[in-house]
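1. Quick one: sequence and predicted model below, then my questions.
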Amino acid sequence: MTLLLDTGPIVAALNAKDPDHERCAVLIEGDGDLLIPAPVLVEVGY
């Protein structure tokens, strides 16, 4: 399965204080490929 990610779940997975942190981290760490569009990476870095 391929998971297409947007900014919100990535930021939540990286921020332990985010209310959705645990849920997003588990989702991203799961099996399968991650598809992250380049503009999303730029937005996460901002």
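-> Here it is on my side, so go on.
2. Test my guess that Val40 contacts Leu4.
-> No - Val40 lies out of contact with Leu4 (C-beta atoms under 8 Å); the separation is 9.3 Å. In short, each C-beta sits where N, CA and C put it, glycine included.
3. more crowded one of the two?
-> Neighbours were counted for Val40 and for Leu4 using other C-beta atoms under 10 Å; Val40 has more, 17 against 10.
4. Going by neighbour count, which residues of stretch 13-24 are buried?
-> For stretch 13-24, burial by neighbour count (16 or more other C-beta atoms under 10 Å) applies to Ala13, Asp18, Cys24.
5. Quickly note the distance from the last one to Leu3.
-> Taken as C-beta to C-beta, to the nearest Å, the spacing of Cys24 relative to Leu3 amounts to 11 Å.
6. where's the residue nearest the centre of the chain, which helix or strand?
-> Geometric centre of the chain, nearest residue: Ile10, 2.4 Å, by C-alpha atoms, centre = their mean. Per DSSP states H and E: Ile10 is located in helix 7-14.
7. what do you get for Asp18?
-> Asp18 is part of no helix or strand, with elements assigned from DSSP H and E.
8. Tell me who's in contact with it.
-> Taking C-beta atoms under 8 Å, 6 or more residues apart in numbering, we find Asp18 in contact with Val11, Ala12, Cys24.
9. can I get those in TSV with distance to Gly30 and pLDDT?
-> Output for the contacts of Asp18, formatted as TSV (distance: C-beta to C-beta, whole Å; pLDDT from 0 to 100):
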residue	distance to Gly30	pLDDT
Val11	18	97
Ala12	15	97
Cys24	11	96
